[in-house]
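Visitor: Predicted model and sequence below, questions to follow.
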Amino acid sequence: MIMNENYKILGKYIKDMSSETPDIETFMFVKDYISKYQLKIDINSKAVKNKLIEINTTLKFEDKDENVKKSFFEIVFATIIKVADEIKEKKDLEKIVLCDVQKDIYPDLETSFLNLLHNSGYPGVKFEKKIDFEKLYNQKFN
């Protein structure tokens, strides 16, 4: 269990995982084209009760171009945290949810998602850029 002064992670699991490649023609096309796919992240959270928060981090790896042939990959990773009683400010809570927890769980999330892609027939896929949650958070709120 990961401990932090402000919160602790009580559990994390893959809530949903999806890989869709409709046919062999699409597979052959995507194999050559997957390097153009982009990683998109979405984070939302909801209070459960007594300082418990469920955070859902969704990663999508998708074709931004208007190709007819495309594959679709998505993972929804749920994390349950308990927030310390001292945390009262909305801003502090947002930073925990959008930044601190994400940094803790991202290695597991990325590994799970890459395994999905590799097991779906795309063994060469790597995510070159590490997601900088600190930077994303600062862009959103500053």
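Guide: Right, received. Where do you want to start? Predicted model only: the values in this text are computed from it and were never measured. Residues are numbered from 1 along each chain as shown.
Visitor: Would you map the helices across this structure?
Guide: With helices called from DSSP state H, the chain shows them at 24-33, 90-95, 101-119, 133-141.
Visitor: Dump the ones you listed into a markdown table; add mean neighbour count, distance to Thr79 and mean pLDDT as well.
Guide: For glycine as for every other residue, the C-beta is placed from the backbone atoms N, C-alpha and C. What follows is the helices of the chain, written out as a markdown table (neighbours: other Cβ atoms under 10 Å; distance: least, Cβ to Cβ, whole Å; pLDDT from 0 to 100):
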| stretch | mean neighbour count | distance to Thr79 | mean pLDDT |
| --- | --- | --- | --- |
| helix 24-33 | 14 | 30 | 96 |
| helix 90-95 | 14 | 14 | 93 |
| helix 101-119 | 17 | 5 | 97 |
| helix 133-141 | 13 | 13 | 88 |
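Visitor: who wins for proximity to Ile55 among those?
Guide: helix 101-119 (5.8 Å; Cβ to Cβ).
Visitor: hey, C-alpha coordinates of that closest one in PDB?
Guide: Taking C-alpha atoms only, helix 101-119 is exported to PDB below (Å, rounded to 0.1, in the frame of the first residue of the first chain):
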ATOM      1  CA  VAL A 101      -2.100   9.800  -7.500                       C
ATOM      2  CA  GLN A 102      -1.500   9.700 -11.200                       C
ATOM      3  CA  LYS A 103       2.300   9.700 -10.700                       C
ATOM      4  CA  ASP A 104       1.900   6.800  -8.300                       C
ATOM      5  CA  ILE A 105      -0.300   4.600 -10.500                       C
ATOM      6  CA  TYR A 106       1.000   5.500 -13.900                       C
ATOM      7  CA  PRO A 107       3.800   2.900 -14.100                       C
ATOM      8  CA  ASP A 108       1.200   0.100 -13.500                       C
ATOM      9  CA  LEU A 109      -1.300   1.700 -15.800                       C
ATOM     10  CA  GLU A 110       1.200   2.100 -18.600                       C
ATOM     11  CA  THR A 111       2.500  -1.500 -18.300                       C
ATOM     12  CA  SER A 112      -1.100  -2.800 -18.400                       C
ATOM     13  CA  PHE A 113      -1.900  -0.800 -21.400                       C
ATOM     14  CA  LEU A 114       1.300  -1.700 -23.300                       C
ATOM     15  CA  ASN A 115       0.600  -5.400 -22.500                       C
ATOM     16  CA  LEU A 116      -2.900  -4.900 -24.100                       C
ATOM     17  CA  LEU A 117      -1.400  -3.400 -27.200                       C
ATOM     18  CA  HIS A 118       1.400  -6.000 -27.500                       C
ATOM     19  CA  ASN A 119      -1.100  -8.900 -26.900                       C
END
